[in-house]
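K.L.:
generate a structure from the sequence data that follows.
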Amino acid sequence: MVHHPSSLRPVWLLVGSATLAALIAATAIAQTPPKGPAGLVVTGPGPVILDPLAECRNAIGDKPRTALARCLSDAQHTADKQMRQVYTDVEKDLRGIDSAATPNAVQTLKEAQKAFLKFRDAECKRQGAAVMGGSGAGDIEAACVVRLTRWRTASLPES
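P.N.:
From the prediction side, this is the model:
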């Protein structure tokens, strides 16, 4: 008879939960149109998604490329600020629930947010690297961060 130490279970549950959360997030991103600020919408096969790169290109018009980087940076700052506010509100709402399960719910929210940020950053670096060092790599990476952050902001209150 094989004995599995019970002390390993929490580690495997945590690793499995983080992996599952990343898979669920990736699937949801691919299937769910984000709720967010009005902007250019790209349609075609698959979901409808806001395209921060197209939004900024339209906003800057004929201005130099540095204006595009500034627009994407501003969009990223705004998206991050909105996500932090929504996260804070969701955490506050959870803490306001008088239940023995509240600490676990808050801890799970924190773990899911940490996993999302890790996924977002890795996925956006991958998308930027996919252009093989082209001049638009930074713009693609920044637009990805904005897009995924907007998705996360919209999905946080859904629980």
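K.L.:
so where do the strands sit in the chain?
P.N.:
Using DSSP state E, the strands of the chain run over 41-42, 49-50.
K.L.:
confidence-wise, which of those strands is weakest overall?
P.N.:
Ranked by mean pLDDT, the strands of the chain bottom out at strand 41-42, which scores a mean of 44.
K.L.:
for this structure, name the helix or strand with the lowest mean pLDDT.
P.N.:
Lowest by mean pLDDT, DSSP states H and E among the helices and strands of the chain is strand 41-42, with a mean of 44.
K.L.:
and the longest helix for the protein?
P.N.:
Secondary structure of the chain read by DSSP state H shows that its longest helix is helix 65-95.
K.L.:
and that helix, what other elements does it pack with?
P.N.:
helix 52-60, helix 102-129, helix 137-155 (3 or more Cβ pairs under 8 Å, 6 or more residues apart in numbering; DSSP states H and E). C-beta coordinates here come from the backbone N, C-alpha and C atoms, glycine included.
K.L.:
compile the ones you listed into TSV and extend it with columns for mean pLDDT, mean neighbour count and distance to V86.
P.N.:
Output for the helices and strands packed on helix 65-95, formatted as TSV (pLDDT from 0 to 100; neighbours: other Cβ atoms under 10 Å; distance: least, Cβ to Cβ, whole Å):
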stretch	mean pLDDT	mean neighbour count	distance to V86
helix 52-60	92	19	18
helix 102-129	96	15	11
helix 137-155	94	22	5
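K.L.:
columns distance to K81 on top of those helices, output as JSON lines?
P.N.:
Converted to JSON lines, the helices and strands packed on helix 65-95 look like this (distance: least, Cβ to Cβ, whole Å):
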{"stretch": "helix 52-60", "distance to K81": "15"}
{"stretch": "helix 102-129", "distance to K81": "15"}
{"stretch": "helix 137-155", "distance to K81": "10"}
